[in-house]
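>>> Got a predicted model here, sequence first, then my questions.
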Amino acid sequence: MKKEVQKIVADAIKNLQKSQKLADFEVPEIGVEYAKNEKYGDYATNIAMVLGKLVKKNPMEIAEEIVDVLKKEPSPLTPLPKGEEDIKNVFENIEVAAPGYINFYLSKKYLQNKVEEINNEKENFGNSEIGKGKKINNEFISANPTGPLHLGNGRGGFCGDSLGKVLRKSGYEVVNEFYVNDFGGQVVKLGHSVLKDAEAVYAGEYIEELNKKLGDGTDVKETGMKAAEIILNDIIKKTIAEKMQITFDSWVSEKTLHEEKYVDRAIEMLVEKKLTYEKDGAVWLKTTDFGDDKDRVLVKSDGQKAYIASDCGYILNKIERKFDKMIEIWGADHHGYVNRFRAAAQALGFSGELKFIIVQLVRLMKDGKEAKMSKRAGNVVSIDELIDKVGHDVTLFFFLMYSADAHMNFDLGLAEEKSQKNPVYYVQYAHARICSILRKSQISNLKSQKELDLSLLSQEKELSLMKELNKFPELVEEISKNYEVHKLPYYAIKLADKFHSFYADCRVIDEANPELTQARLSLVNAVRIVLAETLRLIGVSAPEKM
């Protein structure tokens, strides 16, 4: 609906320009937001204040002129919902508020028909085709196969998986991908650690187990590669599939990129483009030509390829798979690699969108103090340990409640609460309560949507609940553009709030009023559909009983 508001306001401004009530200028972007208080409307725009500064005119006067145009017949309050020609207006009223806001109030009829739409479309409600024909590489976790996944890996993993679901709902072709760093220095370090020699770096129970299996080896690199393969298959993949409940479409091996000559070909391409030079016996990539703060060594003076060379091979691999967008979800310790990776992509000719999401650190807190857990993985807490302690759904929901770029304090005390104080249980309880209501009502007897009298849904709490349902498609579209998946759990909480408030005030099953009962059951079922779909996008379960 935000788009519709933008369009009709833009058209009204152009009409004012034609009538010479406003000067002729290019109409700026029209910001439309949800009204902070429902009594002041459902949508609001401050465009009159923006124009006031532009044309040196009182914003209240501009707002009044825009509203006058909008209220003229034939009404421009369109487009109407598909197949709903009986709706006269999408908006019941449009008002001006100081110091120049224009507030839009959705009509009851529009909201009531939204209930019908949701019940007809079911889980497809909120689907769109804005990403049709566009292919996205969504790379996340990509942890070195040198140990169990830690909390940062878990946070990035849940973020990437949820984002992939939203993008698919918006019509994109998405490939969720894990890049395996199974080549180079970290594998050698792992070999030293497993062999427990003077250059050992990694420690923990898993290293002890690997030492029992591989400790008789003499070749450090070979030992490291065998250990990395075991860690990847027996620890990392198991955690991802069983504990985190994430499925990857593609696993790309750094070692394979070298074997299949992607790295060599990428370097050859960069040399041919004259984007490299030799200095001090090494080959350098001119990353400063593409905004990096300094050039980077591509091939070291001893002939060994630098880490960025593997990145170039991986980028070339993605380019040849014809992705329109690349999303890179990295841990905070990789922040310094952003500019060089972007520069390498541009140097290799990638012209699509490249989006970086840097996932910040997580601290476990309980009673205001940093919580201690067993350090089975060495000096870090593994994501397995946290999921074992508080459960998959709680871990995921809590991680997703924070924007990825914000440092996070994970409230272990609240996470362990098995009550409605815990936001996950609060939302899931709303879904379970709805399922209980529908079971009691024998939902199979619910009339078809066309037979229902949805005009009976006119009480304040009913309308407020319908307004929240109406926001869902816009939320999905918004996240598919800005990647802010943390807005999903907050929407789920708000929808649960609105449902619980409605349920407290409005009796759903009333034998004395079967028509109202049918209408309210239809509304309740619409809430169930949207809440379940929101939880699916987050990645947590929607229980029917609790």
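Arrived safely, thanks for sending. Predicted, not measured: the structure shown is a model, and the values here were computed from it.
>>> what about the residue positioned nearest the centre of the chain, is that helix, strand or coil?
Nearest to the mean C-alpha position of the chain, counting by Cα atoms, centre = their mean, stands Val485 at 2.9 Å. What DSSP: H, G, I helix; E, B strand; the rest coil gives for Val485 is coil.
>>> Identify the residue spatially nearest to it, adjacent ones excluded.
Counting by Cβ to Cβ, 6 or more residues apart in numbering, Val485 lies nearest to Ser162, which is 4.5 Å off, once chain neighbours are set aside. All C-beta spots, glycine's among them, are computed from the backbone N, C-alpha and C.
>>> cool, and Glu278?
Using Cβ to Cβ, 6+ apart, the nearest residue to Glu278 is Trp284, at 7.3 Å.
>>> Cys312 - how many residues pack around it?
By other Cβ atoms under 10 Å, the residues close to Cys312 number 27.
>>> ok, now how distant is it from Lys286?
13 Å (Cβ to Cβ, to the nearest Å).
>>> what's the answer for Asp302, then?
Asp302 is 21 Å from Lys286, by Cβ to Cβ.
>>> Quick one: the helices in the stretch 201-350 of the chain, in order.
Taking DSSP state H, counting those that start in this stretch as the test, the helices found in the stretch 201-350 of the chain are 205-214, 220-230, 237-238, 254-259, 262-272, 307-320, 338-347.
>>> and the second one, what does it pack onto?
Spelled out, it's helix 220-230. Counting contacts by 3 or more Cβ pairs under 8 Å, 6 or more residues apart in numbering; DSSP states H and E, helix 220-230 packs against helix 185-195, helix 205-214.
>>> With respect to burial, which of those helices scores highest?
Highest mean neighbour count of those: helix 185-195, a mean of 21 (counted as mean count of other Cβ atoms under 10 Å).
>>> Neighbours of Glu242, how many?
With neighbours defined by other Cβ under 10 Å, the count for Glu242 comes to 12.
>>> Report pLDDT for it.
On pLDDT, Glu242 comes in at 98.
>>> Check the gap between it and His392 for me.
Here the criterion is Cβ to Cβ. By it, Glu242 lies 10 Å from His392.
>>> on that earlier part again, quick one, which of the helices of the stretch 201-350 of the chain is nearest to Met365?
Distance to Met365, taken as Cβ to Cβ, is lowest for helix 205-214 among the helices of the stretch 201-350 of the chain, at 25.0 Å.
>>> Tell me which residues are up against the closest one.
By Cβ atoms under 8 Å, 6 or more residues apart in numbering, the surrounding residues in contact with helix 205-214 are 147-148, 193-196, 223, 226-227, 230-231, 235, 376-378.
>>> Can you say which of the residues you listed are buried?
Buried members of those, counted by 16 or more other Cβ atoms under 10 Å: 147-148, 193-195, 223, 226-227, 230-231, 235, 377-378.
>>> Just put the residues you listed in JSON lines and tack on pLDDT and distance to Asn93.
JSON lines is the format used below for the buried ones among the contacts of helix 205-214 (pLDDT from 0 to 100; distance: Cβ to Cβ, whole Å):
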{"residue": "Gly147", "pLDDT": "94", "distance to Asn93": "60"}
{"residue": "Pro148", "pLDDT": "95", "distance to Asn93": "58"}
{"residue": "Ser193", "pLDDT": "96", "distance to Asn93": "69"}
{"residue": "Val194", "pLDDT": "97", "distance to Asn93": "71"}
{"residue": "Leu195", "pLDDT": "97", "distance to Asn93": "76"}
{"residue": "Thr223", "pLDDT": "97", "distance to Asn93": "74"}
{"residue": "Lys226", "pLDDT": "96", "distance to Asn93": "71"}
{"residue": "Ala227", "pLDDT": "97", "distance to Asn93": "68"}
{"residue": "Ile230", "pLDDT": "97", "distance to Asn93": "66"}
{"residue": "Ile231", "pLDDT": "98", "distance to Asn93": "62"}
{"residue": "Ile235", "pLDDT": "97", "distance to Asn93": "60"}
{"residue": "Ala377", "pLDDT": "44", "distance to Asn93": "59"}
{"residue": "Gly378", "pLDDT": "49", "distance to Asn93": "63"}
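>>> I'd like those as a markdown table, with distance to Ser128 appended.
Listed next are the buried ones among the contacts of helix 205-214 as a markdown table, based on distance: Cβ to Cβ, whole Å:
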| residue | distance to Ser128 |
| --- | --- |
| Gly147 | 40 |
| Pro148 | 38 |
| Ser193 | 49 |
| Val194 | 49 |
| Leu195 | 54 |
| Thr223 | 51 |
| Lys226 | 47 |
| Ala227 | 45 |
| Ile230 | 43 |
| Ile231 | 40 |
| Ile235 | 38 |
| Ala377 | 41 |
| Gly378 | 45 |
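>>> any idea which of those residues is closest to Asp411?
Nearest to Asp411 among the buried ones among the contacts of helix 205-214, counting by Cβ to Cβ, is Ala377 at 21.9 Å.
>>> before we move on, the earlier item: select, out of the helices and strands packed on helix 220-230, the one closest to Gly154.
Nearest of the helices and strands packed on helix 220-230 to Gly154, taken as Cβ to Cβ: helix 205-214 at 16.7 Å.
>>> Now find how far off-centre that closest one is within its chain.
Relative to its parent chain, helix 205-214 has a centroid offset of 37 Å by Cα atoms, centre = their mean, to the nearest Å.
>>> next one: stretch 216-234
Per Cα atoms, centre = their mean, the centroid offset for stretch 216-234 relative to its chain is 35 Å.
>>> which parts of that stretch are buried?
The neighbour-count check on stretch 216-234 (16+ other Cβ under 10 Å) flags Gly217, Val220, Thr223, Gly224, Met225, Lys226, Ala227, Ala228, Glu229, Ile230, Ile231, Leu232 as buried.
>>> Please look at the second one and Val188 and confirm they touch.
Yes: judged on Cβ atoms under 8 Å, Val220 makes contact with Val188 at a distance of 5.9 Å.
>>> Would you map out the domains in this protein?
Domain segmentation of the chain under automatic domain parsing yields 2-106, 140-258+360-414, 423-538.
>>> Can you tell me which of those domains is nearest to Asp295?
Going by Cβ to Cβ, the one of the domains of the chain nearest Asp295 is domain 140-258+360-414, 20.6 Å.
>>> Done for today, thanks.
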